[in-house]
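A.B. asks: Just a sequence and a predicted model for now, questions to come.
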Amino acid sequence: MHPATVDATLEYLQSADRKPVTWMLAPPGGHAWDTGDYASMPVTIRDGRAAGDPPALDREGFQLCSAPSAMPSFAGRDAIERVYYREMEALARAVTGARRAIVFDHLVRRRDPGTLTPFGARDGQRPSTATRVHCDFTPASAQRRLALEMEAHGFRSAARHAILNLWRTTRLPVLDAPLAVCDARTVARSDLVAADIVYPTRTGEIFEVLHNPAHAWTYFPAMQFDEVLVFKQYDSLDGMPCFTPHAAFAHPDTPPGTPPRESIEIRCLLIFD
């Protein structure tokens, strides 16, 4: 049995006075790796499995799905793109009713033993866990992604479009550094601050998040390989959950000697009729 709630901390942005920049490579001129001010804030994270009414993608902005996979491992990029992308596109269509689903990116994350990092490794190695509260897209970066996929796939219009993340463990049950997601209904627009994240070949725009006591956090204990956490990162339809903040956290009840968490996340563009 798992407790109904867990007390933990999550790293929040502290000020919206300037646009934060995070460097994922050595910043030029000796600048700081992060220009924002951050602090670990206490939060209560509830057990989503214990909810009488399970969270739903079109209400809270996230949903736990049963989703077996044919993937024996996630060691090879070719197999991920050939097999796993198709599996996740099918799942995204089934969950949302979208006409078309296009996976455009993935990350296989492995936490470095003894460390929890804001956005993972900054040395060009395999990404680690991301503990800073964030959303992967802003309206501007979501529109840029839509334009890129329209050009690449040859379609000219999308009356409604959305972006989902689909997250699963690559092998073992998630007992270490689980992923917490925030009920999108409890997030005020003023909580979201556009931020730049600079990679070696590109700069992306995301939302970082100011702390708000109203934020309602959830996780799903001991996620299994045949489960996928689906959560909304953007939706162009008014009235729908649009931005779902998320972050990994140090679970206080993680057993000693638990192997570091390994996971894969998929980013998927949805096109609706």
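C.D. replies: Nice, thanks for sending it over. Numbers count the residues shown, from 1 in each chain.

A.B. asks: Look up phi and psi at the nearest residue to residue 248 once chain neighbours are set aside.
C.D. replies: For residue 248, ignoring the flanking residues on the chain, the nearest one in space by C-beta to C-beta, 6 or more residues apart in numbering is residue 129 at 4.1 Å. All C-beta atoms are positioned from the backbone trio N, CA, C, and that covers glycine. Main-chain dihedrals, residue 129, degrees, to the nearest 10: phi -70, psi 150.

A.B. asks: Check residue 148 too.
C.D. replies: Dihedral angles (degrees, to the nearest 10) for residue 148: phi -60, psi -40.

A.B. asks: Check residue 70 too.
C.D. replies: When read as degrees, to the nearest 10, the backbone of residue 70 gives phi -80, psi 0.

A.B. asks: for the one 10 residues further on, same thing?
C.D. replies: Main-chain torsions, residue 80, degrees, to the nearest 10: phi -60, psi -50.

A.B. asks: Okay, strands next: where are they in this protein?
C.D. replies: 5-13, 21-23, 38-47, 62-66, 100-110, 134-135, 160-169, 179-182, 192-198, 203-209, 217-219, 227-235, 246-248, 262-272 (DSSP state E).

A.B. asks: The residue nearest to residue 248: how many residues sit nearby?
C.D. replies: For residue 129, the count of nearby residues is 27 (other C-beta atoms under 10 Å).

A.B. asks: Would you check that it makes contact with residue 177?
C.D. replies: Yes: between residue 129 and residue 177 there is a contact under C-beta atoms under 8 Å: 4.7 Å.

A.B. asks: a markdown table for the strands of the chain, including distance to residue 94, mean pLDDT and mean neighbour count?
C.D. replies: Below are the strands of the chain laid out as a markdown table (distance: least, C-beta to C-beta, whole Å; pLDDT from 0 to 100; neighbours: other C-beta atoms under 10 Å):
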| stretch | distance to residue 94 | mean pLDDT | mean neighbour count |
| --- | --- | --- | --- |
| strand 5-13 | 30 | 97 | 19 |
| strand 21-23 | 35 | 91 | 20 |
| strand 38-47 | 25 | 98 | 16 |
| strand 62-66 | 8 | 98 | 18 |
| strand 100-110 | 9 | 94 | 18 |
| strand 134-135 | 24 | 98 | 26 |
| strand 160-169 | 12 | 97 | 23 |
| strand 179-182 | 20 | 98 | 26 |
| strand 192-198 | 29 | 95 | 19 |
| strand 203-209 | 27 | 96 | 20 |
| strand 217-219 | 22 | 98 | 23 |
| strand 227-235 | 10 | 98 | 25 |
| strand 246-248 | 22 | 97 | 26 |
| strand 262-272 | 12 | 97 | 22 |
